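K.L.:
sequence plus predicted model, see below.
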Amino acid sequence: MREILRLINSHHPLSEVLQVIARQAKEWLRADSTMIRQTFIEENRVRTVAQCNLPPDFEVIAETPFYQGLTDQALMDGDVVIIEDVPAVYTPRLARPETLKDPLLAAGLAATVKYYHSLLKTPLFIRGQIFGAITFHFARPRKFSDEDIQLARMLSDQTALAIENARLFELAERRHRVAESLREILSLLNTDRPLDEILHAIVSQAQQLLGAKAVAIHRLDAEKKLLIPEASLGLSSDYVSTIHLPLGQGALGIAVQKGIPVQVNDTTAVFSGKTVRSSEGEAIRLNDDLVSKLQQYADRYGAVLAVPMTIKSQTYGGLALYYSHPRTFSPEEVDLAVSYADQASLAIENARLFQVAERRRRV
């Protein structure tokens, strides 16, 4: 417990914190292995984020759907899940039709039956929201005492504190990097570098700092009511040259029209012609021509975060952040993107004013 308490007051990365907890959890309950799984409810998936002494068979189920079965529901309700005879519970499930149709479910059940006889799962809650669960595996039969359960719950409570501290530290570090990055961009403004070079610096920094696979700044053509890529990184030339978003369409079109950030946690449906919705449940409209183009190009993204950009109360355009896989954006991440877009807008305006001043000086 001392090591976890030290983690609570430390500035270690979240991945390192989780790995230490997995090791400590194994020792605390004298388990044969432990596994920490993070739950992404909106994305309907669960992912292993740390483990200790887990057999290689479990690698195939490192990420699985969130099945929302009885076990998952119990964890969501804050209950500890105990299975003292794994073969008796899991073996019949292996023969069920739904299991036979789901290779990941079958692999997880089979691996658990192969190596373990008993297990205990305890939920992890952070600020009242489910983060995931810690699973303790035991190769031999184990009768869990009240002391075991109390110990597991105590470990979960301390783990939640350590995770929250690590996440807050990472957020503070990211904010610091954003501030440093913006200082670098602003330092370019007193030079004679062209606007397109400034724009490239902005999208490059945004990609690194906000963890996106691709980034684009779109300028609004007020007459045509189109959002046209002005600078991008990670997008194909076909995408940049032909995907011009009508105002009000797509995540970015809605963000710019309404003046608010719009997040789409799962954009994959657009590639199969299905309706895509924002995190608020609003349908993201795209005309048939745009859908057809998106389905043809190699660009494939799982999530999008779009933020409007304004200069002196006038709409300039928007910043679009594209991510490889479906994901949920935390309020802190959205705030960071908004802050970055605001400062980037200021940098763009300063660069434009500098260019105007230079042209006047030369006349």
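P.N.:
That came through fine. Residues are numbered from 1 along each chain as shown.
K.L.:
make it CA atoms for all contacts and neighbour counts henceforth
P.N.:
Fine.
K.L.:
any low-confidence regions in the chain?
P.N.:
For the chain, applying pLDDT under 70 flags the ranges 1-12, 68, 70, 182, 185-193, 271-273, 354-363.
K.L.:
give me the longest helix you can find in it.
P.N.:
Taking DSSP state H as the criterion, the chain has its longest helix at helix 146-187.
K.L.:
what does the helix or strand following that helix contact?
P.N.:
Moving toward the C-terminus from helix 146-187, the next helix or strand (DSSP states H and E) is helix 195-209. With contact meaning Cα atoms under 8 Å, 6 or more residues apart in numbering, helix 195-209 is reached by 174, 177-178, 181, 185, 188-189, 212-217, 230-233, 321, 340, 344, 348, 351-352, 355.
K.L.:
hmm, which of those are the buried ones?
P.N.:
174, 177-178, 181, 185, 188-189, 212-217, 231-233, 321, 340, 344, 348, 351, 355 (16 or more other Cα atoms under 10 Å).
K.L.:
quick one on the thing from earlier: show me what the longest helix of the chain is packed against.
P.N.:
If you count contacts as 3 or more Cα pairs under 8 Å, 6 or more residues apart in numbering; DSSP states H and E, helix 146-187 packs onto helix 2-8, helix 14-28, strand 118-126, helix 195-209, helix 331-362.
K.L.:
quick check: angle from the fourth one to helix 146-187?
P.N.:
Here helix 195-209 points in a direction 170 degrees away from that of helix 146-187 (axes from the mean of the first three to the mean of the last three Cα atoms, to 10 degrees).
K.L.:
and for Ala251, the neighbour number?
P.N.:
Residue neighbour count, defined by other Cα atoms under 10 Å, stands at 28 for Ala251.
K.L.:
same check, this time on the one 10 residues further on
P.N.:
Taking other Cα under 10 Å as the criterion, the count of residues near Pro261 is 22.
K.L.:
and the residue nearest the centre of the chain, how far from Arg167?
P.N.:
Centroid-nearest residue in the chain, with Cα atoms, centre = their mean: Arg327, separated by 4.3 Å. According to Cα to Cα, to the nearest Å, Arg327 and Arg167 sit 17 Å apart.
K.L.:
apart from its chain neighbours, what residue comes closest to Thr71?
P.N.:
Among residues not flanking Thr71 along the chain, Val81 sits closest, at 6.7 Å (Cα to Cα, 6 or more residues apart in numbering).
K.L.:
domain map for the chain?
P.N.:
Residue ranges for the domains of the chain, per automatic domain parsing: 2-166, 191-362.
K.L.:
so Asp148 touches Ala31, yeah?
P.N.:
No - using Cα atoms under 8 Å, Asp148 is not in contact with Ala31, being 11.1 Å away.
K.L.:
the two: which is more packed in?
P.N.:
A count of neighbours by other Cα under 10 Å puts Ala31 above the other of Asp148 and Ala31, at 22 against 14.
K.L.:
how far away is the more buried one from Val178?
P.N.:
Note on Ala31: its distance to Val178, by Cα to Cα, is 42 Å.
K.L.:
cool, and Asp266?
P.N.:
Separation of Asp266 from Val178 (Cα to Cα): 26 Å.
K.L.:
same question for Leu94.
P.N.:
Distance, Leu94 to Val178, by Cα to Cα: 49 Å.
K.L.:
how about Ala22?
P.N.:
31 Å.
K.L.:
equivalent analysis for Val80, please.
P.N.:
From Val80 over to Val178 the distance is 40 Å, taken as Cα to Cα.
K.L.:
Asp32 now?
P.N.:
For Asp32, the distance to Val178 - Cα to Cα - is 42 Å.
K.L.:
next one: His244
P.N.:
Distance, His244 to Val178, by Cα to Cα: 28 Å.
K.L.:
ok, Ile36 next?
P.N.:
Distance of Ile36 to Val178, given as Cα to Cα: 30 Å.
K.L.:
so what touches the helix or strand in which Phe131 is found?
P.N.:
Phe131 is part of strand 129-138, with elements assigned from DSSP H and E. Strand 129-138 is contacted from outside by 22, 25-26, 29, 31-40, 75-76, 116-125, 156, using Cα under 8 Å, 6+ apart.
K.L.:
sheet partners, orientation included, of it?
P.N.:
Paired strands of strand 129-138, with direction, are strand 33-40 (antiparallel), strand 118-126 (antiparallel) (DSSP bridges).
K.L.:
on that earlier part again, what's the spacing between the longest helix of the chain and its chain's center?
P.N.:
The chain centre lies 15 Å from the centre of helix 146-187; the measure is Cα atoms, centre = their mean, to the nearest Å.
K.L.:
next: stretch 299-307.
P.N.:
Mean C-alpha position of stretch 299-307 versus that of the full chain (Cα atoms, centre = their mean) differs by 11 Å.
K.L.:
between the two ends of it, how far is it?
P.N.:
20 Å.
K.L.:
mind listing what's buried in that stretch?
P.N.:
300-307.
K.L.:
kindly export stretch 90-106 (C-alpha atoms) in CSV.
P.N.:
Provided in CSV are the C-alpha atoms of stretch 90-106 (Å, rounded to 0.1, in the frame of the first residue of the first chain):
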residue,chain,number,x,y,z
TYR,A,90,-17.4,-20.5,-17.9
THR,A,91,-17.4,-23.9,-19.6
PRO,A,92,-21.2,-24.0,-20.2
ARG,A,93,-20.9,-20.5,-21.7
LEU,A,94,-18.4,-21.7,-24.2
ALA,A,95,-21.0,-23.9,-25.9
ARG,A,96,-23.7,-21.1,-26.2
PRO,A,97,-24.6,-19.9,-29.7
GLU,A,98,-23.7,-16.3,-28.9
THR,A,99,-20.2,-17.4,-27.8
LEU,A,100,-19.6,-19.5,-30.9
LYS,A,101,-20.4,-16.5,-33.0
ASP,A,102,-18.0,-14.2,-31.1
PRO,A,103,-14.3,-15.3,-31.4
LEU,A,104,-13.1,-12.7,-28.9
LEU,A,105,-15.7,-13.8,-26.3
ALA,A,106,-14.8,-17.4,-26.8
